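Participant: Here is a sequence together with a model predicted from it:
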Amino acid sequence: MTSLCGIDFGTSNSAIGIAHNGSPQLLALEDNEHTLPSALFFNFDEKIISFGRVAVEDYIDGEHGRFMRSLKSILGTSIASQQTQVHNRQVSYSEIIAEFIAEMKRRAESQLNESLENVVMGRPVHFVDSDKSADDDAQNTLEEICKTVGFKEIKFQFEPIAAALDYEQQLTKEELSLIIDIGGGTSDFTIIRLSPENRQHSDRYQDILATTGVHIGGNDFDRRFNLAKAMPALGMHSLMKGPKRLEVAPTSYYDLATWHLIHNQYQRSNIHNMEMLRMRAEQPELIERMITLLKNQDGHRLIGRVEACKIELANKTKSLLELEFIEPEFQLDCRREEFNASTKLEVETIAKTIRESLLAALVSSQQISSVFLTGGTTGLPSVRKVVADVFPESQIVEGNRFGSVATGLTLDAMRSFI
């Protein structure tokens, strides 16, 4: 049974699973890794597209082209239908997402020597917060993309429910569980009854007590830390000359810290405005750093370094943010408490949404037997602390941060396409 699959198309990383001898199996999509970073690089010189880690390497190596990442975050927004110039032609962002999902499908089929026709696609609880119409548009767009790349039958499953199906495989008794899935773009929470007896049931909605979510993920943590730590060193919040001593306008800095808006900042008019700004700034050397970054189109590189610093701070109390590509020997000392302070609002919102899920399910935190964590952002100490604070009596279970959802989607596909 390999004509079906489960696909976790993630904001930061993606994975695909297939049925193998009656069990779900994640496929190695790149360099024996089960994840493929959700990134593309359009090489303008060679007129080719690279994907995943190769795309990131091509960009870092300075190849001439266009780098794109975190495209899932545009689903449900007006940007999805907009066009952008790639290889001297106009293409929609939806077409670019289709290129990535088609590549996942091709890589899987080349390993299987068989066509994949049916898919269960993962989706967050909310693509767009508090806007059902936009949320429906996001799923419809993703469904059309799946049809475009050759899938004949497409079903959707909430990502935290998929993670719950994966967790259920290891249970020996019934549990009331909270599934927490925090990836690159969204935080999703499902309270569900799990048991060994219910594993084979295809309809599990009677077991779901509540499913909630909020549009906060690892990219938002990166953005906040970028704005708090890196951007002031490039002139954000610095002052202008003159009696009023106004602050430098922050718009360009905010956009430069947002994945899908970075490319817009490389326009010549924006660089010219920065050059004019430098002449009126009290600290022109800071604005000069910003101009250098824009001229070299290194916004994605900056976010990549900020993300790497975040990951290191998850395991250490201090780290160095290396920015030598902007200025020789330019680096910033970073501490975990700084990161936690800059991302306090995100953690508080996650905690608030967890409590809302308890209210929606009409249960107390004491009634939750286990909390299952998946998604890369659940590795942050600040996130883990708030979970432990809300559920001091529950068992905290560590899932496969980058594979649980795809495994659960494959289990769902095995039961759905009979």
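Facilitator: In hand now; what should we look at?
Participant: which stretches of the protein have low pLDDT?
Facilitator: The chain contains residues with pLDDT under 70 at 1-2, 202.
Participant: residue boundaries of the helices in it?
Facilitator: Ranges of helices in the chain, per DSSP state H, are 52-60, 93-112, 132-148, 159-168, 218-225, 251-256, 268-280, 284-295, 299-315, 336-342, 344-361, 381-390, 404-416.
Participant: Tabulate these (CSV), appending distance to residue 120.
Facilitator: (Each C-beta comes from the backbone N, C-alpha and C, glycine too.) Converted to CSV, the helices of the chain look like this (distance: least, Cβ to Cβ, whole Å):
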stretch, distance to residue 120
helix 52-60, 22
helix 93-112, 14
helix 132-148, 10
helix 159-168, 8
helix 218-225, 24
helix 251-256, 35
helix 268-280, 42
helix 284-295, 41
helix 299-315, 29
helix 336-342, 36
helix 344-361, 23
helix 381-390, 27
helix 404-416, 4
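Participant: The residue nearest the centre of the chain and residue 404, how far apart?
Facilitator: By Cα atoms, centre = their mean, the chain has its centre lying nearest to residue 184, at 2.2 Å. The gap separating residue 184 from residue 404 is 15 Å, by Cβ to Cβ, to the nearest Å.
Participant: Setting aside sequence neighbours, what's the nearest residue to residue 342?
Facilitator: Distances taken as Cβ to Cβ, 6 or more residues apart in numbering place residue 228 nearest to residue 342, at 3.6 Å, with adjacent residues excluded.
Participant: ok, that neighbour to residue 318 distance?
Facilitator: For residue 228, the distance to residue 318 - Cβ to Cβ - is 15 Å.
Participant: Neighbour count: those two, which is higher?
Facilitator: Ranked by neighbour count (other Cβ atoms under 10 Å), residue 228 and residue 318 place residue 228 first, with 17 against 13.
Participant: ok, and the closest non-adjacent residue to residue 157?
Facilitator: Excluding the flanking residues, the one nearest residue 157 by Cβ to Cβ, 6+ apart is residue 412, at 5.0 Å.
Participant: you'd agree that neighbour is up against residue 165?
Facilitator: Yes: shown here, residue 412 and residue 165 form a contact pair, counting by Cβ atoms under 8 Å, at 6.1 Å.
Participant: How is the chain divided into domains?
Facilitator: 4-171+400-416, 219-342 (automatic domain parsing).
Participant: To residue 370, which of the helices of the chain lies closest?
Facilitator: Shortest distance between residue 370 and the helices of the chain, using Cβ to Cβ, is found for helix 159-168: 8.0 Å.
Participant: what's the burial count for the residue nearest to residue 319 when sequence neighbours are not counted?
Facilitator: Nearest residue to residue 319, sequence neighbours excluded (Cβ to Cβ, 6+ apart): residue 312, at 4.2 Å. By other Cβ under 10 Å, 15 other residues sit near residue 312.
Participant: ditto for residue 85
Facilitator: For residue 85, the count of nearby residues is 11 (other Cβ under 10 Å).
Participant: Any figure for the gap between it and residue 43?
Facilitator: From residue 85 to residue 43 the distance is 15 Å (Cβ to Cβ).
Participant: how about the chain, which residue sits the furthest from its center?
Facilitator: Outermost in the chain, Cα atoms, centre = their mean: residue 243 at 43.8 Å.
Participant: ok, residues contacting stretch 336-344?
Facilitator: 220-221, 224-225, 227-229, 310, 313, 316-318, 347, 381-382 (Cβ atoms under 8 Å, 6 or more residues apart in numbering).
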